[in-house]
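Engineer: sharing a model that was predicted from the sequence below.
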Amino acid sequence: MKRTWRFLRVLREDLQAARDGDPAAHSNAEVALGYPGVHAVWGYRVAHRMWREPALRLPARLLSQAVRAATGVEIHPGAQLGRRLFIDHGMGVVIGETAVVGDDVVLFHGATLGGRSMRQGKRHPTLGDRVVVGSGAKILGPVWIGDGAQIGANAVVVKDVPAGAVAVGVPAVVREVHRTAEARGAVDGPLVVGAPAGTTAWTDRAEDASLLVDPAIWI
């Protein structure tokens, strides 16, 4: 019974994560019935539980393929996904077998957590908590993406990305972003030189510059 309640709590968290991450979501019912990214995560959670039993690995793989056909999102049941993962739009997302994803991560459509090697063992990325991966981005190989990092749309990441950094381009170039507060998928305004800590200056130019480093808008 405790396991069932724990599972239901995780499902409720997935609903809330979608509502927190998408301003177009107006109710839990809307998310539960109409969000393929959420359906894909739920299908994964069932398949992953099956995958842990050696005798159920083939059914788990078949279930993951059925979910892929229904949602356009392919998540290998062997991947390790954290809590409150939100896959926005969903279509084209691929998460490989040895990928590890932390808590409160956002993946936009077309994102790939893929490999660069055909060898056995760890060959897919590890994402920390609160990572945002823009649409069409490719993170390839057993690289580490630090907590709070942001990967820009269509970036191709083949090297580690430190916590709190932004990676953009092909191949991705990493740069640091200084933040005054922690916000999921958000970038604070530029700091005012010589002003008290936490002060931001929102000029038109500053706002335009901040948007350039926010992968969430590159959809």
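Structural biologist: Good, I have the coordinates. Here the structure is a predicted model, which means the values were calculated and not measured.

Engineer: past the strand or helix carrying Val41, which element shows up next along the chain?
Structural biologist: Assigned by DSSP states H and E, Val41 falls within helix 36-51. Going down the chain from helix 36-51, the next helix or strand is helix 57-71, by DSSP H and E.

Engineer: and the average pLDDT for that next one is what?
Structural biologist: Here helix 57-71 scores 95 as its mean pLDDT.

Engineer: which other helices and strands contact the helix or strand following that helix?
Structural biologist: The helix or strand immediately downstream of helix 57-71 is strand 74-75, counting by DSSP H and E. Strand 74-75 sits against helix 36-51, helix 57-71, strand 94-95, with contacts defined as 3 or more CB pairs under 8 Å, 6 or more residues apart in numbering; DSSP states H and E. Where you see a C-beta, it was placed from the backbone N, CA and C, and this is true even at glycine.

Engineer: pull the CA atoms of the longest helix seen in the chain into PDB?
Structural biologist: Secondary structure of the chain per DSSP state H: the longest helix is helix 2-21. Extracted C-alpha coordinates of helix 2-21, given in PDB (Å, rounded to 0.1, in the frame of the first residue of the first chain):
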ATOM      1  CA  LYS A   2       2.800   2.400   0.900                       C
ATOM      2  CA  ARG A   3       4.400   1.700  -2.500                       C
ATOM      3  CA  THR A   4       1.100   2.500  -4.300                       C
ATOM      4  CA  TRP A   5       0.700   5.800  -2.400                       C
ATOM      5  CA  ARG A   6       4.300   6.700  -3.200                       C
ATOM      6  CA  PHE A   7       3.800   6.000  -6.900                       C
ATOM      7  CA  LEU A   8       0.600   8.100  -6.900                       C
ATOM      8  CA  ARG A   9       2.500  11.000  -5.200                       C
ATOM      9  CA  VAL A  10       5.100  10.900  -7.900                       C
ATOM     10  CA  LEU A  11       2.400  11.100 -10.600                       C
ATOM     11  CA  ARG A  12       0.900  14.100  -8.900                       C
ATOM     12  CA  GLU A  13       4.300  15.700  -8.800                       C
ATOM     13  CA  ASP A  14       4.600  15.100 -12.600                       C
ATOM     14  CA  LEU A  15       1.300  16.900 -13.100                       C
ATOM     15  CA  GLN A  16       2.300  19.900 -10.900                       C
ATOM     16  CA  ALA A  17       5.700  20.100 -12.700                       C
ATOM     17  CA  ALA A  18       3.900  20.500 -16.000                       C
ATOM     18  CA  ARG A  19       1.700  23.200 -14.600                       C
ATOM     19  CA  ASP A  20       4.700  25.000 -13.100                       C
ATOM     20  CA  GLY A  21       6.600  24.700 -16.300                       C
END
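
Engineer: kind regards, and thank you for your time.
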